[in-house]
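>>> everything below, folded, please.
(chains A, B, C, D, E and F)
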Number of protein chains: 6
Amino acid sequence: MRILVVNVNTTASMTESIAEQARAVAAPGTEIVALTPRFGAESCEGNFESYLAAVAVMDAVQSYPEPFDAVVQAGYGEHGREGLQELLNVPVVDITEAAASTAMFLGHKYSVVTTLDRAVPLIEDRLKLAGLTDRCASVRASGMAVLELEEEPERAVEAIVREAELAVSVDKAEVIVLGCGGMAGLNDKVRERTGVPVVDGVAAAVTIAESLVRMGLSTSKVRTYATPRPKSFTGWPVPANATALIAH
Amino acid sequence: MRILVVNVNTTASMTESIAEQARAVAAPGTEIVALTPRFGAESCEGNFESYLAAVAVMDAVQSYPEPFDAVVQAGYGEHGREGLQELLNVPVVDITEAAASTAMFLGHKYSVVTTLDRAVPLIEDRLKLAGLTDRCASVRASGMAVLELEEEPERAVEAIVREAELAVSVDKAEVIVLGCGGMAGLNDKVRERTGVPVVDGVAAAVTIAESLVRMGLSTSKVRTYATPRPKSFTGWPVPANATALIAH
Amino acid sequence: MRILVVNVNTTASMTESIAEQARAVAAPGTEIVALTPRFGAESCEGNFESYLAAVAVMDAVQSYPEPFDAVVQAGYGEHGREGLQELLNVPVVDITEAAASTAMFLGHKYSVVTTLDRAVPLIEDRLKLAGLTDRCASVRASGMAVLELEEEPERAVEAIVREAELAVSVDKAEVIVLGCGGMAGLNDKVRERTGVPVVDGVAAAVTIAESLVRMGLSTSKVRTYATPRPKSFTGWPVPANATALIAH
Amino acid sequence: MRILVVNVNTTASMTESIAEQARAVAAPGTEIVALTPRFGAESCEGNFESYLAAVAVMDAVQSYPEPFDAVVQAGYGEHGREGLQELLNVPVVDITEAAASTAMFLGHKYSVVTTLDRAVPLIEDRLKLAGLTDRCASVRASGMAVLELEEEPERAVEAIVREAELAVSVDKAEVIVLGCGGMAGLNDKVRERTGVPVVDGVAAAVTIAESLVRMGLSTSKVRTYATPRPKSFTGWPVPANATALIAH
Amino acid sequence: MRILVVNVNTTASMTESIAEQARAVAAPGTEIVALTPRFGAESCEGNFESYLAAVAVMDAVQSYPEPFDAVVQAGYGEHGREGLQELLNVPVVDITEAAASTAMFLGHKYSVVTTLDRAVPLIEDRLKLAGLTDRCASVRASGMAVLELEEEPERAVEAIVREAELAVSVDKAEVIVLGCGGMAGLNDKVRERTGVPVVDGVAAAVTIAESLVRMGLSTSKVRTYATPRPKSFTGWPVPANATALIAH
Amino acid sequence: MRILVVNVNTTASMTESIAEQARAVAAPGTEIVALTPRFGAESCEGNFESYLAAVAVMDAVQSYPEPFDAVVQAGYGEHGREGLQELLNVPVVDITEAAASTAMFLGHKYSVVTTLDRAVPLIEDRLKLAGLTDRCASVRASGMAVLELEEEPERAVEAIVREAELAVSVDKAEVIVLGCGGMAGLNDKVRERTGVPVVDGVAAAVTIAESLVRMGLSTSKVRTYATPRPKSFTGWPVPANATALIAH
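Below is the predicted model:
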């Protein structure tokens, strides 16, 4: 089984760390192919960047020349998953939803600890659309920018632990979700420090994608995620014939 | 006052009909500038096309060389408004939200009548994010594709009226919202046939944009819609220096 | 176009300040007629007073001898708007809803800053009925009584700013709504001090009323706000023939 | 113990039938005093009439010269209960809420069957404010006007049974609430015909009022229902000194 | 009328204090029979113990040899009420719901003060299922274990008062519900100290059960709480013929 | 890895079919141990039976003498999962939640098709507690009793397909969940007939349990699902020392 794990920003080192996290949890026989978009922002910390990423991820998936069995969109709280589901016949799993869904099997309430305060409403909105907010105690910001996570991993852990502890004591969370693809790999450290289960979205998404493939399940095509209707596209930077995007 | 009214698809005749509707309601002294995106789909009827439109509308607004006072995003149920709000310091009004908000002043419940069934969940999702669903009785599909609205306006009116009447009698709507930018101009006919107020989103959005400008109000910049942080962008098809997008 | 702007209490100086705020934002050609009820309380700070106001506002509108194009009910969080909508064929706009609806175009969440703590649940209830709570971060009390707003405007600004700042930093509001008709005119000062958009309900309601008239839209009469059925009324203090109330 | 049961309309025969229903269920030792407002509409079937009733009921209670232990507001879906709670130190029970609350002890979901379709949104709104909608399957209209219930009791039973049966089979209600004070006394007939428990609001409210008195419980005065603040009232039709209303 | 009041734990002294509270409020002519389960935990402070209690309460009721008119399940936030409703033809009232329902007649919002923090989510879940959370300001833990309530009543009052005061000042509760059957009898002390109405669930449930009986109302049998279907039961510790449980 | 898959009823043939479904999807190296409770009902179709099952499943798991890595509770819409989570240190996955959670990765809305109408509210309640209702279009009953599923598999498929088709066309579901452990194995047939993805809860739960184990994640012990406090248990039918239940 081959799973495409697509980063949402253009920072290749972050793609690498996401790939590592994915490979660490993948079953024997699962090949993880990590993709970096060829346009967009070096980090996604708002709606503008996230909308670019939505399109860049579709472009990256579409440009991948080999067959694959599932796609993981490895950006936390980003736009775009619905578009991919229209374009593809294989399962698409967003790490935001995978992590929340997984956390709900582990405790009564979960909290997300993310990067900057400005990303909080994006995550809240994505969870609302996904119908996964009822048991979300809070979405908290560590104050770390996405790229700082790589540059200063120790400070990142401190900042995440501080908010995780408040989530547990004040917001009554029982499980912590790491709310950024760039936090992949920090889950063990945060769990040791907080004593509660810590869910990494990339790991969660990979196992869910594998499971869907194993069960022979994929996106329903009867309504919301039906293949786009044939129509004329203009001037899009990707393949000369933009409608090629659709015909996976 | 100059208001940019931006179509979400690449069909110029639809931009024209949107512009007409906007001008019909604009106050004396308001200049309506209607823009057609330079890339994207000829009609938006799903998430893939809508995500392209989100970026194409940002591109169109950013490419407009003159100053302006407000932007109306003239696609019903489309992605992207949040990104525009980050990029700009002037008010941004989405017709989906403008129409719903206006309808709520006119009756206890409103229904949206849109084009194809597959567009219904997109509209429901946008209304949910906007916090405007509590008084939404239903979102109904007329079965008309976006481009068919122009080609067969009489059949379109029939199809819209049929669903509007069901919305009133079955779903207990008291106001009808026309759920497609391409329905601009059909409101009078639908009102005559159904006897209930019919709201056109383009008209509603233009008056709201004018009012915000008149009151000196614009998007809050303290959190969700703060200007994007300075960072590196790669390979974006629009201006060589993509960060120019941000500095309006 | 003539718009009746009706105060909910019997304090004429407050009617005057509301009128000023209305005129400041009204379009050229809009005549603002400000009315003071001829019975009721000198200020509305609870349900008893608010129910009196509901009837007194209907009485004031009904007693107005000239034609008019729309009505603005200028009390924040008060009862009565639904009754007016039944009685009239012209649009009725409540400042509570106008302000919330306007705020939602400006930021992800808004907070209301009102007068006394006891008024908070009334406002919360009116917003709940209006379906405008999803994006309401909080309703906060400044501790100022309605009449103190006029008597001590500087202390009022201080008290409002203090709560507005907490709304932004603690409740994550991005827009502030002034939650009392008697706060009309303080919006500029509060905006300067807080750095976020501040919405005054009277101004917002006047622009919405104008827009509805301009678009030819008025209250739907098919169900909730249908004209009252002909029936016998007894002993009401207003016109000898109480049913005259109904036949606008 | 003396309980005031206050009709919301001016039709004395309806007051009488409400009193009968109240007395039928009252405990030995409970005196039921039924009051008819001295102004208002002969029946309440909309917001205008309901707002008049809100004030008329306060007036009727205030004018009652003897001491009393609780008040039942005997109009289904009407405004005003909150005002009474501010004015009085004894418990106030609204039949809308009493019936819903009682029904929830009897089945998983309940439905309300009321009079005219136009009354449905009023009831829905009152239940929403009361926080009693989660287990409300539907509010259905029998099509009978309030006064027709008295005039044509047999047709009324037929019409109510028809909607009750639809509520059970289609909406999955397990309990029926009679949604009009004027339906007092029809509960046995409707239960016999439908086979499900049928709750009459007047009976439910009387037993709840008795229980609150017996437990020594009354309205909390710390916030929402605190006694109105001392202030000047103008021109109110009731006692020369309107503030007397407040000092029960 | 005979009402069975069933404790959920095996501590007989607690059954006694519950019985006292029940008798103090019961009408003349109501016989209170208090039952202690013959298996289970000495106190219920979590789901495991609560599920045992659910079955133990059914067993206790089923083993009671005399006829009875209603059952009160006297555990706060416990499982099981739905099962009893299936088994019996007489009304079943859970103190969790009775207290919440009663509190809602007394103030705009109520809070529950319970024992240990770990019991809070159970109570929240039961209130959610009962549809009684809209006006619940908070569920707070006093930190007292169930059995400590009896052992250290003075410390218990202090701990409850402390949380009740926070509920009023911070969470804006206007009424306090005592969230444990073992708190029966502390309501007067907590009310004196806090100045707000304090509801004891046992008292509330007894009066509601009495009222339902007086009104001739019992559990609807059309769907959720229909008598269990005849089927084979294996190895249950209670009556040799387990299906006897069903045939009340 | 060893996973206990526990049936909720005492019908051994149903345990066998559940085991088969579990083994069909389990990864190489996963051992599925299927358990049948030693007391309870031959099928669970209501709350009484479900509460028995809750305790019987705990008893079955506790009595299992070997170590294990996770537990799957294989009853759809049944009580008890929370108790197991308190008792165990390994992950516990309920098929109700596993199926819903899985369905949400496959379409915008899902519907559950279950057995009898009386089971519908139980399922709705479990999904509500699990916070998984936002995207649930409906829970529909096929009219087949649990044991009839085995006896008449062809009629079962017909009945399920009929409701599934209505769920898709009327309720706008895009994915179908089989709402009974006894439907294990019918998913392929229902998918072929309806053209939408069909999720079997047992399969979904097994893959989720495996994934949690692989990621090293288990139930949070900080609050709701903390190990029960040491206390005295009386007369429980299972191990002489009932507290042994707790010390896994």
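>>> all strands for chain A, in order.
A:2-6, A:31-35, A:40-41, A:70-73, A:92-94, A:110-114, A:136-141, A:175-178, A:198-200, A:233-234 (DSSP state E).
>>> partner strands of the last one, parallel or antiparallel?
When pairing is defined by DSSP bridges, strand A:233-234 lines up against strand B:40-41 (antiparallel).
>>> now do the fifth one
Each strand that strand A:92-94 pairs with, and the sense of that pairing, follows from DSSP bridges: strand A:70-73 (parallel).
>>> from the middle of its chain, how far away would the partner strand be?
9 Å (C-alpha atoms, centre = their mean, to the nearest Å).
>>> any idea which of the strands of chain A is most buried?
Greatest average neighbour count among those goes to strand A:175-178 (a mean of 31), per mean count of other C-beta atoms under 10 Å in any protein chain shown. C-beta here means a position set from N, CA and C on the backbone, and glycine is covered the same way.
>>> mean pLDDT for the strands of chain A - can I get that in CSV?
Shown next, in CSV, are the strands of chain A (pLDDT from 0 to 100):
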stretch, mean pLDDT
strand A:2-6, 98
strand A:31-35, 98
strand A:40-41, 92
strand A:70-73, 98
strand A:92-94, 98
strand A:110-114, 98
strand A:136-141, 98
strand A:175-178, 98
strand A:198-200, 98
strand A:233-234, 84
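>>> please report the distance of the nearest residue to residue A:147 once chain neighbours are set aside from residue A:187.
Distance criterion C-beta to C-beta, 6 or more residues apart in numbering or on different chains; nearest residue to residue A:147, sequence neighbours excluded, is residue A:43 at 5.3 Å. Using C-beta to C-beta, to the nearest Å, residue A:43 is found at 20 Å from residue A:187.
>>> more crowded one of the two?
Ranked by neighbour count (other C-beta atoms under 10 Å in any protein chain shown), residue A:43 and residue A:187 place residue A:43 first, with 28 against 24.
>>> domain-wise, how is chain A divided?
Domain ranges of chain A: A:2-94+A:204-245, A:96-201, per automatic domain parsing.
>>> contacting residues for the residue of chain A found nearest chain E?
Relative to chain E, the nearest point of chain A is residue A:108 (4.8 Å; C-beta to the nearest C-beta). Contacts of residue A:108 were listed using C-beta atoms under 8 Å, 6 or more residues apart in numbering or on different chains, and they are A:135, A:174, E:121, F:223-225.
>>> next, count neighbours for the nearest residue to it once chain neighbours are set aside.
Spatial nearest neighbour of residue A:108, chain neighbours left out: residue F:224 (3.9 Å); criterion: C-beta to C-beta, 6+ apart. By other C-beta under 10 Å, 25 other residues sit near residue F:224.
>>> over to residue A:216?
Around residue A:216 there are 13 residues (other C-beta under 10 Å).
>>> separation between it and residue B:90?
Residue A:216 is 51 Å from residue B:90, by C-beta to C-beta.
>>> same check, this time on residue A:231
The value you get for residue A:231 to residue B:90, if C-beta to C-beta is used, is 32 Å.
>>> what about the two, which has more around it?
Neighbours were counted for residue A:231 and for residue B:90 using other C-beta under 10 Å; residue B:90 has more, 21 against 18.
>>> that one reaches residue B:64, doesn't it?
No - Residue B:90 lies out of contact with residue B:64 (C-beta atoms under 8 Å); the separation is 11.7 Å.
>>> separation between the nearest residue to residue A:53 once chain neighbours are set aside and chain F?
The shortest distance from residue A:53 to any non-neighbouring residue, by C-beta to C-beta, 6+ apart, is to residue A:8 (3.9 Å). Distance of residue A:8 to chain F, computed by C-beta to the nearest C-beta, to the nearest Å: 18 Å.
>>> repeat that for residue A:195.
7 Å.
>>> who's in contact with that residue?
Taking C-beta under 8 Å, 6+ apart, one finds residue F:222 in contact with residue A:195.
>>> about what we covered before: who wins for proximity to residue C:150 among the domains of chain A?
Ranking the domains of chain A by their distance to residue C:150 (criterion: C-beta to C-beta) puts domain A:96-201 first, at 37.0 Å.
>>> centre of the chain to stretch A:135-151, how far?
Counting by C-alpha atoms, centre = their mean, stretch A:135-151 comes out at 14 Å from the chain centroid.
>>> kindly report the same for stretch A:67-80.
Distance, stretch centre to chain centre, for stretch A:67-80: 6 Å (C-alpha atoms, centre = their mean).
>>> the residue nearest to residue A:108 and residue B:63: what is the separation?
54 Å.
>>> now swap in residue A:63 and tell me
From residue A:63 to residue B:63 the distance is 26 Å (C-beta to C-beta).
>>> then residue A:129?
Taking C-beta to C-beta, one finds residue A:129 at 30 Å from residue B:63.
>>> thought residue A:33 was touching residue A:60, still the case?
No - using C-beta under 8 Å, residue A:60 is not in contact with residue A:33; the gap is 10.6 Å.
>>> if we can go back for a sec, most neighbours among the contacts of residue A:108, please name it.
Highest neighbour count within the contacts of residue A:108: residue F:225, with 29 neighbours (other C-beta under 10 Å).
>>> can you dump the C-alpha coordinates of stretch A:179-186 into CSV?
The C-alpha trace of stretch A:179-186 is given here as CSV (Å, rounded to 0.1, in the frame of the first residue of the first chain):
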residue,chain,number,x,y,z
GLY,A,179,-2.1,21.0,16.6
CYS,A,180,0.6,21.4,13.9
GLY,A,181,2.2,19.1,11.4
GLY,A,182,5.5,20.6,12.4
MET,A,183,5.0,19.1,15.9
ALA,A,184,5.3,15.6,14.6
GLY,A,185,7.7,13.8,16.9
LEU,A,186,7.2,15.8,20.0
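>>> picking that back up, phi first, then psi, for the residue of chain A closest to chain E.
Dihedral pair for residue A:108: phi -70, psi -40, per degrees, to the nearest 10.
>>> and the pLDDT for it?
You'll see residue A:108 listed with a pLDDT of 98.
>>> give me the low-pLDDT residue ranges for chain A?
Within chain A, the stretches with pLDDT under 70 are A:235-248.
>>> who touches the closest residue to chain C within it in this structure?
With C-beta to the nearest C-beta, the shortest gap between chain A and chain C falls at residue A:121, namely 4.8 Å. Applying C-beta under 8 Å, 6+ apart to residue A:121 gives the contacts B:223-224, C:108-109.
>>> all helices of chain A, in order?
A:12-25, A:47-63, A:81-87, A:95-103, A:120-130, A:146-151, A:153-169, A:187-194, A:201-214 (DSSP state H).
>>> residue A:1 - how many residues pack around it?
15.
>>> for residue A:217, that is, sorry about that
Residue A:217: 23 neighbours (other C-beta under 10 Å).
>>> ok, so what distance separates it from residue F:18?
Taking C-beta to C-beta, one finds residue A:217 at 19 Å from residue F:18.
>>> now do the same contact list for the residue lying closest to residue A:103 once chain neighbours are set aside.
Excluding the flanking residues, the one nearest residue A:103 by C-beta to C-beta, 6+ apart is residue A:110, at 3.6 Å. Neighbouring residues of residue A:110 by C-beta under 8 Å, 6+ apart: A:100, A:103-104, A:135-137, A:173-177, A:199.
>>> residues in contact with the closest residue to chain D within chain A?
Nearest residue of chain A to chain D: residue A:134, at 13.4 Å (C-beta to the nearest C-beta). Contacts for residue A:134 (C-beta under 8 Å, 6+ apart) come out as F:131-134.
>>> so which of these is the most crowded?
residue F:132 (24 neighbours).
>>> fine by me, we can end here.
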